[in-house]
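> My questions are about this predicted structure, shown below with the sequence.
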Amino acid sequence: MTSIGTIIKEIIIPHRKGNIRLNPEFVVLDDAHIQGFLLGTDYQGIYGIDIYNSKNRHITIGTNKEKKFSLDIYQISAQGPLEELISEFREGTFSTTLTCKQKLSLMKILRKNRPAFSIGEEQLGNIRGHDIELYLDVERPYQHILRRPPYPEFLETRKEIEKHINELLDMDFIRKIGHNEIVKITTPVLITWNDGKCRLCGDFIALNNSTKAERYPIPRIPHALDKLEKAKYITKMDCMKGFHQNGVKPNSIKLLRIICHMGIYEYTRISFGIKNASDHFQRMMDTIFQEEILEGWMVLYIDDIIIYAETWEDHVQYIDKVLSKCTPINLKISPKKCNFGQKELLALGHKVSGLSLAIDQNKVAEVLKNPVPRNIREMKSFLGFASYQRNHIKPFSHIISSLYKLCSKYVVYKVTKERRDAYERIKYELTTAPVLIFPDFELPFKLYIDAACSQGLGAALHKRQIVDCEPREGVICYISRKLKDSEARYGATQTELLCLVWALEKLHYYL
């Protein structure tokens, strides 16, 4: 084979930690006998190749017109089996570490269970046999507060309300009330904005205050994610607009009537913001997937589904089993929010793998951009986010106590230097928080306690693990709380004993 020239072209390989730039050298051979080769569309454009009409066209090598060759089509290959399957689920995210064989086995399962997904213009599911029923704890005639007029709206808001109402009508999520129907409860609607996007919400505060609570336990996220220990493959799926897939029983539809400048409408599906919606959905999912939960390879948190396994064969089998249960009851999964076969992924506000649990730094970055909260509402929002990650912060209660005092109705909202320093300290702790490890109940734990007479109680649960062939201790979680007024008068010995008893009670799940 004789070389007639070379082509040097910069190639940029995208990567989440920074693009990789390469300058490979391609050698053009004069007498090579090659059955076929792959030519990308970028090179076709650069060198003027018309792949469908290439007769009498010549492609030069560099700027030397003497070095040229012509191109004719021998065969146009059909779309491969893997590409054909992936095209339907292109909105989903697939692990880049999967082999072609693994991807093909996964795509066959997804194609087999295609009715379980809401793809393209398909309507949302209407889950069979699990309609919600609401009960009021007030007697008729209903209080005046349950029958409210529409809110006044700006012109832009009116247009958005009309747009959302028409969309809900097209999807059969709401029905317009006739002029001769008796209306006893109406809830005004409003538009909420977030990052330039708007959402239609009903102001269901009055209705929720008059609704009997449905008590069903929602899983504790740290305990739920602990189950992912040693997982080699993790898949996360999300129910498409979960609550909207739940129907409402006929005797409860009349309670979900909304009012705006366009008239009165009633929801035929569960609306966001309704009391008991989360409890009902969690109970429904636990009932449907009871067997899978007991087998220990599935985590459910309201409308989030997490499937994990140590082997790929088991993982694909588990995905098939879950999807095959979704189709008969008409539960639809959102392909856009699916993440298949990952070693680590973002789930329930954390970065999860089979080895560790870390804070989602994307969420932290959003908090870091915000200035010091200007009012109680903004402060409560910040404290809620920080408290969600308190297991990662060692001195949490001590740092944040001054900020909690600001939220009291008996305190004037004023950000002092002490409170500003506490706010900045919490932000620093969030960005430098340690990665937590999962508990291994076959190995002993180590419990460290710290009782500072003036600051509060604190404890840390550790576990010994092997890293790079060396034994090291890793943190499972931190806990802390303030001292009560009566406890603040304890002596040093009593405070230490109090801290030990409190830590053992708080961490009894592990110990």
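Yep, it's here. All values derive from a computational prediction rather than experimental measurement.
> Now for the nearest residue to Leu207 once chain neighbours are set aside, how many residues are close by?
Nearest residue to Leu207, sequence neighbours excluded (CB to CB, 6 or more residues apart in numbering): Thr187, at 5.9 Å. Placement of C-beta: from N, CA and C, glycine included. Counted with other CB atoms under 10 Å, residues neighbouring Thr187 total 26.
> Repeat that for the one 10 residues further on.
Residues near Lys197, counting by other CB under 10 Å, number 7.
> quick one, phi psi at it?
Phi and psi for Lys197, reported as degrees, to the nearest 10, are phi -110, psi 150.
> and if you look at Ile258?
Dihedral angles for Ile258 - degrees, to the nearest 10 - are phi -110, psi 160.
> Kindly report the same for Arg425.
The phi/psi pair for Arg425 (degrees, to the nearest 10) is phi -70, psi -40.
> ditto for Arg472
Dihedral angles for Arg472 - degrees, to the nearest 10 - are phi -140, psi 160.
> So for it, what's the nearest residue that isn't a sequence neighbour?
Gln465 (6.1 Å).
> Test my guess that the one you found contacts Ile437.
Yes. Using CB atoms under 8 Å, Gln465 is in contact with Ile437, at 6.3 Å.
> When those two are compared, which one has more neighbours?
Ile437 (20 against 15).
> how about the nearest residue to the more buried one, chain neighbours excluded?
Closest to Ile437 by CB to CB, 6+ apart is Gly474, at 3.9 Å.
> Can you verify that neighbour is assigned to a strand?
Yes. Per DSSP: H, G, I helix; E, B strand; the rest coil, Gly474 lies within a strand segment.
> Run through the residues that contact it.
Leu436, Ile437, His462, Lys463, Arg464, Gln465 (CB atoms under 8 Å, 6 or more residues apart in numbering).
> quick one: it and Arg425, what's the gap?
Per CB to CB, to the nearest Å, Gly474 is found 24 Å from Arg425.
> picking that back up, check which helix or strand the residue nearest to Leu207 maps to.
Under the criterion of DSSP states H and E, Thr187 resides in strand 187-194.
> Equivalent analysis for Ile479, please.
According to DSSP H and E, Ile479 maps onto strand 470-481.
> Can you show me the CA trace of that strand as PDB?
Taking Å, rounded to 0.1, in the frame of the first residue of the first chain, the C-alpha atoms of strand 470-481 are listed here in PDB:
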ATOM      1  CA  GLU A 470      -5.500   0.100  53.700                       C
ATOM      2  CA  PRO A 471      -8.100   0.300  56.500                       C
ATOM      3  CA  ARG A 472      -9.800   3.700  56.800                       C
ATOM      4  CA  GLU A 473     -12.800   5.100  58.700                       C
ATOM      5  CA  GLY A 474     -15.600   6.600  56.700                       C
ATOM      6  CA  VAL A 475     -18.600   8.700  57.900                       C
ATOM      7  CA  ILE A 476     -22.100   7.300  57.700                       C
ATOM      8  CA  CYS A 477     -23.900  10.300  59.100                       C
ATOM      9  CA  TYR A 478     -23.700  13.200  61.500                       C
ATOM     10  CA  ILE A 479     -26.500  14.100  64.000                       C
ATOM     11  CA  SER A 480     -26.800  17.100  66.300                       C
ATOM     12  CA  ARG A 481     -29.400  19.100  68.300                       C
END
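> before we move on, back to that, would you list the contacts of Gly474 in a markdown table and tack on secondary structure and pLDDT?
A markdown table is the format used below for the contacts of Gly474 (DSSP: H, G, I helix; E, B strand; the rest coil; pLDDT from 0 to 100):
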| residue | secondary structure | pLDDT |
| --- | --- | --- |
| Leu436 | strand | 87 |
| Ile437 | strand | 86 |
| His462 | strand | 90 |
| Lys463 | strand | 86 |
| Arg464 | strand | 80 |
| Gln465 | strand | 74 |
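> check contacts around Leu190.
Applying CB under 8 Å, 6+ apart, we find Leu190 in contact with Tyr151, Thr157, Leu200, Cys201, Gly202, Asp203.
> Check which element follows the strand holding Thr187 along the chain.
strand 197-202.
> Setting the sequence-adjacent residues aside, check what's closest to Asn236.
You called it Asn, but residue 236 is Lys. Asn339 (4.6 Å).
> And for Pro328?
Pro328's closest residue in space is Arg128 (CB to CB, 6+ apart), at 7.9 Å.
> Tell me how many other residues crowd that neighbour.
11.
> Please, where are all the helices along the stretch 401-511 of the chain?
417-431, 492-506 (DSSP state H, counting those that start in this stretch).
> Can you classify Glu266 by secondary structure?
Here Glu266 is strand, with the state taken from three-state DSSP.
> May I have the beta-bridge partners of it?
Arg175, Arg257 (DSSP bridges).
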